[in-house]
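**Q** take this sequence and fold it.
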Amino acid sequence: MKKAFLLSSILLSTTAIAAPNPSFSEVRLGFESIDYREQLKNVAGITDLKQKASVTNPAIRQLSYTGIDDDWGFYIASAATIATSIDTEVWKAEEFGDVQQNDFKIKANEIALSMAYNLTKSLQLTFGTRIHTSSFTRSSFKLGAGANSFDEALKALGEGDDLPRFDLPGQRKDATDIIANNPSYLTPVISITEDQMGILGAVGMRYDSRLADTFNNVSWYAETEISTPFYSRTQNTSIESVTLTDSFNGWGVMGRAGVRYQLMDHIAVMVGVDAQYKERDKISEEIDGRRRTVPNIKFKNVSISAGVQWSY
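**A** Sure, this is the predicted structure:
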């Protein structure tokens with residue numbers, strides 16, 4: 001009888017040790033701050049052209065984890081902009097100052113699938129793929145104070161009717177047209193939209209204190225990850241019927257951290273911070289005898305959100 005009891009105790013203990021980490025799902029609502037920057041270097045051999053814009057949008061963050069066995073599990077994560085706000089974007093040419101300003105809004109969405117290997121009960125190695133999309137719209141274009149000087153510098157590079165010019169979207173000028181105060185050369189409604197998509201490979205680490213101590217009502221987690229795009233695609237309405245693609249043309253880093261409080265055994269309220277930074281190199285292709293280019297970009301997204309987690 002005693003041997004049977006000891007054997008059953010060992011089996012129960014082994015089963016407890018070998019049990020997978022508990023599965024859970026969480027959803028959080030909050031706000032994200034997106035900082036977006038573009039740069040074209042050595043435009044026409046005379047200057048660098050760059051801009052920056054920042055918006056704050058309502059956003060949602062979701063994450064779920066499924067434990068497979070005592071070594072493996074997987075995560076499914078998503079992030080999305082709920083609605084967009086508008087900022088004034090200013091384009092600057094280094095030697096000429098502000099050359100253009102316009103309204104700017106941007107939204108970002110992402111879904112990720114990652115495998116997780118348990119290095120310890122609470123520390124995991126993660127690796128997988130992410131699909132990241134962003135879309136921005138520019139509208140209400142206006143000339144900046146340095147636009148005329150920039151236009152004159154461009155004109156000095158050519159001759160006759162082949163003079164390069166600085167155009168606002170929708171604006172068409174001949175070689176002798178003035179750049180400003182010429183509304184007949186502007187269409188009434190103009191907006192430019194660009195859609196960006198990237199399929200990224202990612203690897204990272206995640207620590208969750210609740211996995212190590214399930215009896216504590218307060219727990220915390222932290223995660224970090226690096227990524228690179230296996231494939232990126234850009235479509236811009238100013239470049240008609242053209243899609244620009246590239247591979248391994250950038251890098252990114254992501255971090256998450258947060259705290260939870262258990263209301264019940266399987267339900268907790270939580271607050272979290274998610275941060276993401278990405279860079280993508282310039283994409284340039286020769287299409288139908290013309291050079292098509294989209295600039296280098298720097299994308300930063302920081303969100304603060306609160307919500308609920310339930311385990312099962």
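
**Q** please enumerate the helices of this structure.
**A** For the chain, applying DSSP state H gives helices covering 2-18, 147-155, 209-212.

**Q** could you tell me the least trusted of these?
**A** Looking over the helices of the chain, mean pLDDT reaches its minimum on helix 2-18, with a mean of 44.

**Q** now do stretch 191-202: distance to the chain's middle.
**A** Chain-centre distance of stretch 191-202: 9 Å, with Cα atoms, centre = their mean, to the nearest Å.

**Q** for the stretch 151-300 of the chain, what are the low-confidence residue spans?
**A** 159-163, 170-189, 240-241 (pLDDT under 70).

**Q** mind listing what the residue nearest to A80 when sequence neighbours are not counted touches?
**A** Closest residue to A80 in three dimensions, ignoring its sequence neighbours and counting by Cβ to Cβ, 6 or more residues apart in numbering: N109, at 4.7 Å. (Glycine included, C-beta is placed from N, CA and C.) Residues in contact with N109 (Cβ atoms under 8 Å, 6 or more residues apart in numbering) are 78-81, 132-134.

**Q** what pairs with N109 across the strands?
**A** For N109, the beta-bridge partners are A80, T133 (DSSP bridges).

**Q** can you tell me how far it is from N57?
**A** When distance is defined by Cβ to Cβ, to the nearest Å, N109 is 11 Å away from N57.

**Q** who touches both of the two?
**A** What both N109 and N57 touch, as defined by Cβ under 8 Å, 6+ apart, is the set T81.

**Q** pull the CA atoms of stretch 85-97 into PDB?
**A** The C-alpha trace of stretch 85-97 is given here as PDB (Å, rounded to 0.1, in the frame of the first residue of the first chain):
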ATOM      1  CA  SER A  85      -5.700  61.800 -36.200                       C
ATOM      2  CA  ILE A  86      -4.100  64.500 -38.400                       C
ATOM      3  CA  ASP A  87      -0.800  66.300 -38.100                       C
ATOM      4  CA  THR A  88       0.800  69.000 -40.200                       C
ATOM      5  CA  GLU A  89       3.800  67.500 -42.100                       C
ATOM      6  CA  VAL A  90       6.600  69.800 -43.200                       C
ATOM      7  CA  TRP A  91       9.100  68.900 -45.900                       C
ATOM      8  CA  LYS A  92      12.600  70.500 -45.600                       C
ATOM      9  CA  ALA A  93      15.400  70.800 -48.100                       C
ATOM     10  CA  GLU A  94      18.600  71.300 -46.200                       C
ATOM     11  CA  GLU A  95      20.000  74.300 -48.200                       C
ATOM     12  CA  PHE A  96      16.600  75.900 -48.900                       C
ATOM     13  CA  GLY A  97      14.400  75.400 -45.700                       C
END
